[in-house]
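Q: after the sequence you'll find the predicted model.
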There are 2 protein chains.
Amino acid sequence: MAPIPNGRYLFAEVPSGYPVPGKTTVYDASQTIELDSVPLNGGFLLKTLVLSVDPYLRGRMRDVSEPSYAPAFELGQPLTNFGIGVVLRSENVAVKTGDHLYGFFPFEQYTIQHQANFFTVIRNAENLPWSVYLGAAGMPGQTAYTGWREHADAKKGEMAFITTGAGAVGSMVVQLAKRDGLKVIASAGSDDKVQFMKEIGADVVFNYKTTNTLEVLKREGPIDIYWDNVGGEALEAALETARPKARFIECGMITGYNTTSHPIRNMMNVVAKEIKMSGILVTSLLPKYMEAFLAEIPPLITKGEFKYREDITKGLEHTGEAILAVQKGTNIGKSVILVADK
Amino acid sequence: MAPIPNGRYLFAEVPSGYPVPGKTTVYDASQTIELDSVPLNGGFLLKTLVLSVDPYLRGRMRDVSEPSYAPAFELGQPLTNFGIGVVLRSENVAVKTGDHLYGFFPFEQYTIQHQANFFTVIRNAENLPWSVYLGAAGMPGQTAYTGWREHADAKKGEMAFITTGAGAVGSMVVQLAKRDGLKVIASAGSDDKVQFMKEIGADVVFNYKTTNTLEVLKREGPIDIYWDNVGGEALEAALETARPKARFIECGMITGYNTTSHPIRNMMNVVAKEIKMSGILVTSLLPKYMEAFLAEIPPLITKGEFKYREDITKGLEHTGEAILAVQKGTNIGKSVILVADK
């Protein structure tokens, strides 16, 4: 069989503000691959189907010398993130042709991998689109589930405030909170997102760009639980309007990823209200909850009891635009790159 | 018996910055009392011996309309705080003449009280000075003990950073951390205090006014536990140099009590390092730990295994100066007003 193109999406330059498609990251079509004859050297050949685009990727676009919780991208090399691919050939006994593998993928159309234990076979008994395993049934859903179960200490009738409530993580948190019998205040950055938050059951919804967060919380609060995906002014407003012994689940602070974050001036509320603030990383919490998550959430998604939205970008070459949209919050639902249909 | 003066120390004005003795608070010698004939109406007459002066009193010097965890002082009325007095007369069967009572006292030389259950009889089997029950064996010691036991999750060999390490709370935390086998970095605002922190066992001590906190923590850290009594820049430095899964015990933020606090610009560390930050109020934690505290700490103080220092101000009329010293940090050790010797 003749060589075919193997497109890749590369990290090209450390950005200073928002990442610029074509500059920070570039598509490279120079490589080819012969699928039936490329040497595997004991590994396995995957065809990439879907790749995840997440807010935390911005933190990886840094100089390798700066330490942080997720590894920096390497200049000139493909981006990497969670993805799903199908096995075309395998020289590893643990991996079978036709298996669908979930794991950390380089952003390339075809990839040769060697570590079978870095990947999980997805059986997909529910017959969900593969992309769902990158969203509601994948890392964002797991982030919501594990963070909520570990730290929310939710009691029926309490009040939760959830930022980016229409996002991949936030929308799952909204639905977990409603299932636990809480009243939910949720914010997002567009009227369309506000509408979606209403559809998934949030009681009080607002567009933080046109409505002042602090005013809403003063009117509808006080709050018992704050799910923070944004930091900055929303965090300040939550501190201001928290009830004594409130729980703050610190999942992300996207307002500070691309620009200087609004500093927090009212931390004294943590003392005065005995607030418990917990930073979460899904990788740490997952071992404790993975089994419960898989038993509980994918079936509920299949039954339609957990709703989700996806923002699917077709074609690896458009990855840069999808990344920027997630950083600016213009995507609607979980952002996924559809690299190939099957 | 003739009437004798009953001096009082009153809240006179809400301060805008540091409280000003004679302006924010004033001594009032206009009242008298007849000790053997004043009607008790079923209550009991106490002679005030010692009164506590604590950092949190600044927060009570506010307009009554602003809610907070500790009640606002009432204009024209005596300040109130923890104190110890001896019962001179009693018409309440639960209270005996000669008993020493610990509880919330108005700042006056003699006081008639009615609620026996608001006070605790101190037997003082250890024969410690009464003032110790306002410091190492009292509320500050209990704050240190309960906060540490509830939230430190200390493991031998870990690194703790403690601010105001020569203070009433901080010096107890230093000693609790050392007993748990930790390495302790401690900061204070004078060379004399630094010397005291060394004496009680802190491994790395420094004067934050002459040495940069962040530089010390970068050199000696990373830190596993941060005991925060100050907020502001020290909190930022601790976030910057915390180890993953660090515990932050938020006990106070005195840098923001009298002036605008330095805002916190690096909260993202809470997420990235999965930091657990817990605000503490001793009143909430005490029921769970009071018995253990009384069994463990006063005997250790008697044996000299827990060291403490006191800054005793003689005479109720000098209360204002003592309050200001505590806000400015110029006191050395637990600040106490000695109202009467016995």
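A: Sure thing, it's come through.
Q: tell me which parts of the stretch 101-250 of chain A are close to chain B?
A: Contact residues, the stretch 101-250 of chain A versus chain B (C-beta under 8 Å from any C-beta of the partner chain): A:231, A:235, A:244-245, A:250. Bear in mind the C-beta positions are built from the backbone N, C-alpha and C, glycine included.
Q: tell me which of the residues you listed is nearest to B:D203?
A: Of all these, A:E250 has the smallest distance to B:D203: 30.4 Å, by C-beta to C-beta.
Q: so which of the residues of the stretch 101-250 of chain A next to chain B belong to helices?
A: A:L235 (DSSP state H).
Q: where in chain A is the helix or strand with the lowest mean pLDDT?
A: Scoring the helices and strands of chain A by mean pLDDT, DSSP states H and E places strand A:120-121 at the bottom, with a mean of 90.
Q: that one - contacts with which helices or strands?
A: When contacts are defined as 3 or more C-beta pairs under 8 Å, 6 or more residues apart in numbering or on different chains; DSSP states H and E, strand A:120-121 sits against strand A:100-106.
Q: quick one on the thing from earlier: partner strands of the least confident helix or strand of chain A, with direction?
A: Here strand A:120-121 is paired, per DSSP bridges, with strand A:100-106 (antiparallel).
Q: now the partner strand: mean pLDDT?
A: Mean pLDDT, computed over strand A:100-106, is 95.
Q: quick one: residues in contact with it.
A: A:8, A:46, A:48-49, A:51, A:77-87, A:95, A:111, A:118-122, A:124, A:130, A:133, A:138 (C-beta atoms under 8 Å, 6 or more residues apart in numbering or on different chains).
Q: what lines up beside the following helix or strand past that strand in the sheet?
A: The helix or strand immediately downstream of strand A:100-106 is strand A:110-113, counting by DSSP states H and E. Note on strand A:110-113: by DSSP bridges, its sheet partners are strand A:44-52 (antiparallel).
Q: give me the neighbour count for the residue in chain A positioned nearest to chain B.
A: Nearest residue of chain A to chain B (C-beta to the nearest C-beta) works out as A:P263 at 3.4 Å. Per other C-beta atoms under 10 Å in any protein chain shown, the neighbour tally for A:P263 reads 17.
Q: ok, back up a step: and the contacts of strand A:100-106, which of them are buried?
A: A:8, A:46, A:48-49, A:51, A:78-87, A:95, A:111, A:119, A:122, A:124, A:130, A:133, A:138 (16 or more other C-beta atoms under 10 Å in any protein chain shown).
Q: which parts of stretch A:245-254 are buried?
A: Within stretch A:245-254, the residues that count as buried by 16+ other C-beta under 10 Å are A:246-254.
Q: do the same with stretch A:329-342
A: Neighbour-count burial for stretch A:329-342 flags A:329, A:331-339 (criterion: 16+ other C-beta under 10 Å).
Q: ok, stretch A:311-318 next?
A: Buried-residue list, stretch A:311-318, by 16+ other C-beta under 10 Å: A:311, A:313, A:316-317.
Q: how far is that stretch from where the chain is centred?
A: 16 Å (C-alpha atoms, centre = their mean, to the nearest Å).
Q: what's the answer for stretch A:20-27, then?
A: The mean C-alpha position of stretch A:20-27 is separated from the chain mean by 21 Å, C-alpha atoms, centre = their mean.
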